[in-house]
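In: 3D, please:
(one chain, ligands or ions: 1)
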Amino acid sequence: MAKRKGSKAPANRQPKPAPSEQRSAAADNATKQPAREAPKLPANGPSFRQIKADKVTCTAGDVTMLPPTSLTVKPGENIAIVGSNGAGKTTFLRVLTGNLQPTSGSVTMDDLPIDERDAGTRRVIAPLIGPVAGYRDLTVADHLILIDQTWGGDRDGAGERIAAVLNRLDILRFGNRYLAELSSGQRQLVELAMVLLRPSALLVLDEPEQRLDEDRRALLGDVLRERADAGSSVVWVCHDRELADRTATRIVRFPQGS
Ligand SMILES: Nc1ncnc2c1ncn2[C@@H]1O[C@H](COP(=O)(O)OP(=O)(O)OP(=O)(O)O)[C@@H](O)[C@H]1O
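Out: Okay, the predicted model is just below:
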């Protein structure tokens, strides 16, 4: 039988794995790390001196989505925003992260305007606001590798970094699952892993305690405290007042002045 020209690999050389196989190998490494006492996650991002929202408002037609609100965030702060449904908390997080332009007022980082399309803004702020879209045919570890590599992680260290985040959130065993194979609480933890993994100096989280049981809420509190202790900052909306009280360095009630 005729052989196709050049189809035979040299005997002393293994064929190179396809990029997708390389990624899967890294994913396997990420999920095969031995279970151990989860160490604290290192602070892993750039820095800022001050992020300042100055009298921002948002309106849509005759609806006031956000009444005048001001907030200054400094490194190491862990600020929990609390308040009733419809008070404008999510709207404020979107304005703070540069996802939504305020109708009036301004948001600046070190005196420059915030804009989520700007790479400098995205390097500093890691938002988790609303549901995260995922790929049906990528596992949890595959998603994390995508994020790690997109944010410039070195390839050799990816498995270890991903295992550390999964381990810290006690979800290492779900690394090889598809997102559709997770419970809503497990999915919430995976989405948290996605923002914890990437470099940032400010985490902005909308109700990260949602769908978590009591133990996982306590774990979430520990992880957020660690981030702030390491000099990173956190601004999060929380409907669990007890968790907010024992976790945050500052509580801000919305609407302001109420
Ligand atoms: N796209 C929109 N168009 C018009 N009004 C909106 C829009 N999105 C939100 N709103 C309104 O803006 C106000 C603030 O909404 P927002 O989601 O910021 O509240 P919240 O404090 O996060 O509430 P919750 O605690 O229920 O999550 C609400 O009255 C809401 O109905």
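
In: is the ligand contacted by stretch 51-61?
Out: Yes - Stretch 51-61 comes into contact with the ligand (C-beta under 6 Å from any ligand atom), by way of residue 60. From N, CA and C alone the C-beta is placed, and that goes for glycine too.

In: Assess the claim that residue 256 and residue 69 are in contact.
Out: Yes - using C-beta atoms under 8 Å, residue 256 is in contact with residue 69, at 5.2 Å.

In: Compare neighbour counts for those two and give me the winner.
Out: Higher neighbour count among residue 256 and residue 69: residue 69, with 26 against 18, using other C-beta atoms under 10 Å.

In: Now do the buried residues in the one helix or strand the more buried one maps to.
Out: Taking DSSP states H and E as the criterion, residue 69 maps to strand 63-73. Neighbour-count burial for strand 63-73, counted by 16 or more other C-beta atoms under 10 Å, picks out 64-67, 69, 71, 73.

In: and if you look at stretch 116-130?
Out: Neighbour counts over stretch 116-130 (16+ other C-beta under 10 Å) mark 121-129 as buried.

In: Now do it: distance to the chain's middle.
Out: In terms of C-alpha atoms, centre = their mean, to the nearest Å, the centre of stretch 116-130 is found 10 Å from the chain centre.

In: close to the ligand, is that stretch?
Out: No - judged by C-beta under 6 Å from any ligand atom, stretch 116-130 stays clear of the ligand, getting no closer than 9.6 Å.

In: pLDDT averaged over that stretch - what is it?
Out: The pLDDT scores in stretch 116-130 average 92.

In: likewise stretch 198-210?
Out: Mean per-residue pLDDT for stretch 198-210: 96.

In: Also stretch 236-243?
Out: Mean predicted lDDT for stretch 236-243 stands at 97.

In: What are the buried residues along that stretch?
Out: Quick answer for stretch 236-243 (16+ other C-beta under 10 Å): 236-238, 240, 243.
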